[in-house]
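>>> The following block contains a protein sequence and its predicted model.
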Amino acid sequence: MLPRLGTVVLLATLCAACASTRPASYRQDPIAQASPEVPPQEDRVLYLDLIAKMQKQGAFYASLAHVDAYRQRYGDNPALRRLHADALRETGQRDAALAAYTGLTTGPQAAAAWHGIGLIAARSDDDARAETALARAVQLQPLNTDYLGDLGFARLRAGHWDQAQAPLAMAAELAPGNVKANANLAVWALLSGQHGTAERIIRDARLPDGAREEIQRLAQQLRQRAASRTAAAAAPARVAPAIAPARERSARLAGDANRPSASGDARLAPSMLERFSATDTATGTTP
C-alpha cells in the first residue's frame, strides 16, 4: 500500500508480505568462511545472526535454504524455528508458518511467535485475532517498538482509533528516530482529526520526502475501510424488517390452509401454500 515510502508505515510489515528473491549475496555457506579458531558454540550464534540479517535484507528464500543447512549442521532450537516461521510467512506459506508459530507460543520465542500469528491474521483481514495476538506479544515484551507499532496499526485497521493511540505513542517515544513509528503516529493523528498534530509529527521527525502524501493517502484508505465495515454491519438491520412481514403472511396462509374452504375442497390449500413458500424462498419476493 505504500510502495514509495518503504518502511515508513507498518503496512510494509503488516500487509505487504513481499518476499525478496535476492540471494546473490548468500551463495556461499557463511560458516564455511568462519575461522577454524572460532568455537562451535560461537559458530552457531554467528550463523543464526547471519540468517536473521538475510531476512532483514529481504532474502527470505535464501534464509530458508540456510535454515535447512543450519539444522543439518547443528540441529534444531527455538530461535531457528522462529526464523523458519518468519521465512515461511514472508514467502506466502502461511499455514505452515502458523503451525510453526503455534509450537513456539510458550518458551523463549513466545513473544515473537504471537507477533507472527498476529501478522498472519492481519494479512487475512482477521482484525480481532490480529489484535489479540499482537496484544499478547506486547504483554510479553512491552518495550519492543515493533510489536507496539504493529498492535497500534492493527487497531487502526480495525477502526479502533482511540485504542490505537497508546501503543503508537509508546513506540514513537521509545524510538524517537524511528521513521515507521512516527509515520504511524501521524496516521493516527489524521484519523483522529488532529491535523496540526500530524503536521508537527511529520516536521519534527523529519520524515522523508513524500511521506506527508503517503500518510494522508493511507489515512484515507483506513477511513474508507472503517466506513465499509460500518455499512456491512448495518446491512442486516435494514434487511430484517422486510423479512418479518413475509413470515407473518406465511403464517396467516398456513392458518387459512387448516380451515375448510368455502367450496368444501380444503385439499388444494396445502399444495398452494407449498408452491407459494417455495417460490417466495427461491426468489426472495413477497406476495
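Great, that's in hand.
>>> residue boundaries of the helices in the stretch 1-150 of the chain?
11-14, 40-56, 60-74, 78-90, 94-102, 110-123, 127-140, 145-157 (DSSP state H, counting those that start in this stretch).
>>> Of those helices, flag the one that's most buried.
Among these, ranked by average contacts under mean count of other Cβ atoms under 10 Å, first place goes to helix 145-157 (a mean of 26). Any C-beta I mention is one placed from the backbone N, CA and C, and that applies to glycine too.
>>> before we move on, the earlier item: which one of the helices of the stretch 1-150 of the chain has the lowest average pLDDT?
Ranked by mean pLDDT, those bottom out at helix 11-14, with a mean of 42.
>>> Quick one: low-confidence residue ranges for the stretch 101-250 of the chain.
236-250 (pLDDT under 70).
>>> rewinding a little: now distance to Ala233 too, for the helices of the stretch 1-150 of the chain, in CSV please.
Listed next are those as CSV, based on distance: least, Cβ to Cβ, whole Å:
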stretch, distance to Ala233
helix 11-14, 23
helix 40-56, 38
helix 60-74, 37
helix 78-90, 30
helix 94-102, 27
helix 110-123, 19
helix 127-140, 13
helix 145-157, 16
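>>> Of all these, which one is nearest Ala232?
Ala232 lies closest, by Cβ to Cβ, to one member of these: helix 127-140, at 12.7 Å.
>>> So what touches that closest one?
Applying Cβ atoms under 8 Å, 6 or more residues apart in numbering, the set of residues contacting helix 127-140 from outside is 110-112, 114-115, 117-119, 121-122, 144, 147-148, 150-151, 154-155, 157-158, 160, 167.
>>> run the last query once more with 7 Å
110-111, 114-115, 117-118, 121-122, 147-148, 150-151, 154-155, 157-158, 167 (Cβ atoms under 7 Å, 6 or more residues apart in numbering).
>>> now that helix and helix 110-123, what's the angle there?
160 degrees (axes from the mean of the first three to the mean of the last three Cα atoms, to 10 degrees).
>>> could I have helix 127-140 exported to CSV, CA atoms only?
Taking Å, rounded to 0.1, in the frame of the first residue of the first chain, the C-alpha atoms of helix 127-140 are listed here in CSV:
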residue,chain,number,x,y,z
ASP,A,127,-8.8,-8.0,12.8
ALA,A,128,-10.0,-9.5,16.1
ARG,A,129,-7.4,-12.3,16.1
ALA,A,130,-4.7,-9.9,14.9
GLU,A,131,-5.3,-7.6,17.8
THR,A,132,-5.4,-10.4,20.4
ALA,A,133,-2.2,-12.0,19.2
LEU,A,134,-0.3,-8.7,18.9
ALA,A,135,-1.5,-7.6,22.4
ARG,A,136,-0.1,-10.8,23.8
ALA,A,137,3.2,-10.1,22.1
VAL,A,138,3.3,-6.7,23.6
GLN,A,139,2.4,-8.1,27.0
LEU,A,140,5.4,-10.4,26.9
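>>> His160 versus the nearest residue to Arg44 once chain neighbours are set aside, what's the distance?
Once flanking residues are discounted, Arg44 sits nearest to Tyr74: 5.2 Å by Cβ to Cβ, 6 or more residues apart in numbering. Counting by Cβ to Cβ, to the nearest Å, the gap from Tyr74 to His160 is 43 Å.
>>> Now for Trp161: which residues touch it?
Neighbours of Trp161 in contact, by Cβ under 7 Å, 6+ apart: 188, 191-192.
>>> ok, now with 6 Å
Counting by Cβ atoms under 6 Å, 6 or more residues apart in numbering, Trp161 touches 191-192.
>>> phi, psi of it?
Here is the backbone geometry of Trp161 (degrees, to the nearest 10): phi -70, psi -40.
>>> how near is it to Gln220?
From Trp161 to Gln220 the distance is 14 Å (Cβ to Cβ).
>>> cool, Asp43 as well?
Counting by Cβ to Cβ - Asp43 and Gln220 are separated by 50 Å.
>>> what does Pro208 give?
Pro208 sits 20 Å away from Gln220, going by Cβ to Cβ.
>>> Of the two, which one has the most company?
More crowded of Pro208 and Gln220, by other Cβ atoms under 10 Å: Pro208, with 15 against 12.
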